[in-house]
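Q: missing the sequence, but the structure's below:
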Ligand SMILES: *Cc1c(COP(=O)(O)O)cnc(C)c1O
Ligand code: SF4
């Protein structure tokens, strides 16, 4: 049973971090653990309830597979962030928008995370220097959107988040703010009144304030998540988007994705991205090939209206950026398009 009075702070503070805590709580016997780990306590109880072959365990419990992976393929920086790292905590790849990485803290550590090596090593890209960050944004008028990433920006205190938003609101060319976060799903109690007040204020300050919520499976959504989403939905102009990572053994099935997108629609979230998994060292056991992903995605066309289908994208290894994967031109274009019914259409 999940203790009902567990606050998010206690759930986080008393979360499982060491290999001994994990082994003891789940009665397993992992011998090594190569990357950072954190399972907040309420989630540890949910994993236990669901069972060790459930989709929560597969996403969040350290495993021997990732140790095998760690010694084999995969990249430390699969999407080439390092090449676009800028003074302060910035990654600037696309002209009109840039990532801001204000924290390395996450509400949970996902085992497939594309930044797992950088986060575990507390890489240079997270070195904080807010003065330099501000100067960079001020000196780059082409940047219209600041995208808070990390780590997870909703793990900042309400005061800290407010102070960043306040600083950015003074830069004239910043029109849009986006927060990429797993917190509403993985630590929903964190969406407290103090936070919604800050979000409300800045949803009215910037042209658009968005939260891109990271969610991979409908079973991640329980009554607490539903309640947290209701609190966010009260902020009228807040733009609620989703991002999902396509993961082998978790959601690599059109029916699972259909259920997920229908469920998040009921929470007021618009599906935005379906990411093909990144080739990250330690996360290779979640990989599936692009062909398999395309077939899954093509199947969604019959099950969901266009507005409930996210864009299926790959962040091309090496820093080439995101590309739609369902566009045959993203591979080598053969001149033939294959539609959702596997009909071949010559253009
Ligand atoms: C993904 C990403 C973005 C955001 O791109 P959108 O297509 O606007 O969601 C911005 N900068 C970097 C470096 C990224 O990797
Ligand atoms: S919340 Fe995001 S950054 Fe944090 S571990 Fe999960 S995927 Fe990685």
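A: Thanks, I have the structure now. Not measured: the values here are computed from a predicted model. Residues are numbered from 1 along each chain as shown. Ligands and ions are numbered 1, 2, ... in the order given.

Q: any stretches of the stretch 1-150 of the chain with poor pLDDT?
A: 1-2, 4, 69-72 (pLDDT under 70).

Q: repeat that for 80
A: Across the stretch 1-150 of the chain, the ranges flagged by pLDDT under 80 are 1-5, 67-73, 79-80, 120-128.

Q: do a quick rundown of the strands in it.
A: 85-86, 90-94, 97-100, 145-148 (DSSP state E, counting those that start in this stretch).

Q: those strands: which one's closest to ligand 1?
A: Across these, ligand 1 has its closest neighbour in strand 90-94 (3.7 Å, C-beta to the nearest ligand atom). (Each C-beta comes from the backbone N, C-alpha and C, glycine too.)

Q: circling back to that earlier point, let me have the strands of the stretch 1-150 of the chain in TSV, extended by mean neighbour count and distance to ligand 1.
A: Output for these, formatted as TSV (neighbours: other C-beta atoms under 10 Å; distance: least, C-beta to the nearest ligand atom, whole Å):
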stretch	mean neighbour count	distance to ligand 1
strand 85-86	19	10
strand 90-94	18	4
strand 97-100	22	5
strand 145-148	22	5
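
Q: now these as CSV including distance to ligand 2?
A: Output for these, formatted as CSV (distance: least, C-beta to the nearest ligand atom, whole Å):
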stretch, distance to ligand 2
strand 85-86, 16
strand 90-94, 13
strand 97-100, 12
strand 145-148, 12
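
Q: okay if I get those as a markdown table plus distance to residue 168?
A: Shown next, in a markdown table, are the strands of the stretch 1-150 of the chain (distance: least, C-beta to C-beta, whole Å):
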| stretch | distance to residue 168 |
| --- | --- |
| strand 85-86 | 16 |
| strand 90-94 | 12 |
| strand 97-100 | 8 |
| strand 145-148 | 6 |
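
Q: grab the most central residue of this protein for me.
A: residue 214 (4.1 Å; C-alpha atoms, centre = their mean).

Q: please tell me I have it right and it contacts residue 179.
A: No - in this structure residue 214 lies outside contact range of residue 179 using C-beta atoms under 8 Å: 10.8 Å.

Q: list, one by one, the residues from the stretch 1-150 of the chain near ligand 2.
A: 106, 109, 110, 113, 115, 150 (C-beta under 6 Å from any ligand atom).

Q: and the gap between residue 26 and ligand 2?
A: Distance, residue 26 to ligand 2, by C-beta to the nearest ligand atom, to the nearest Å: 19 Å.

Q: check residue 284 too.
A: 15 Å.

Q: tell me, how many residues neighbour that residue?
A: By other C-beta atoms under 10 Å, the residues close to residue 284 number 21.

Q: over to the one 10 residues further on?
A: Neighbour count of residue 294, defined by other C-beta under 10 Å: 18.
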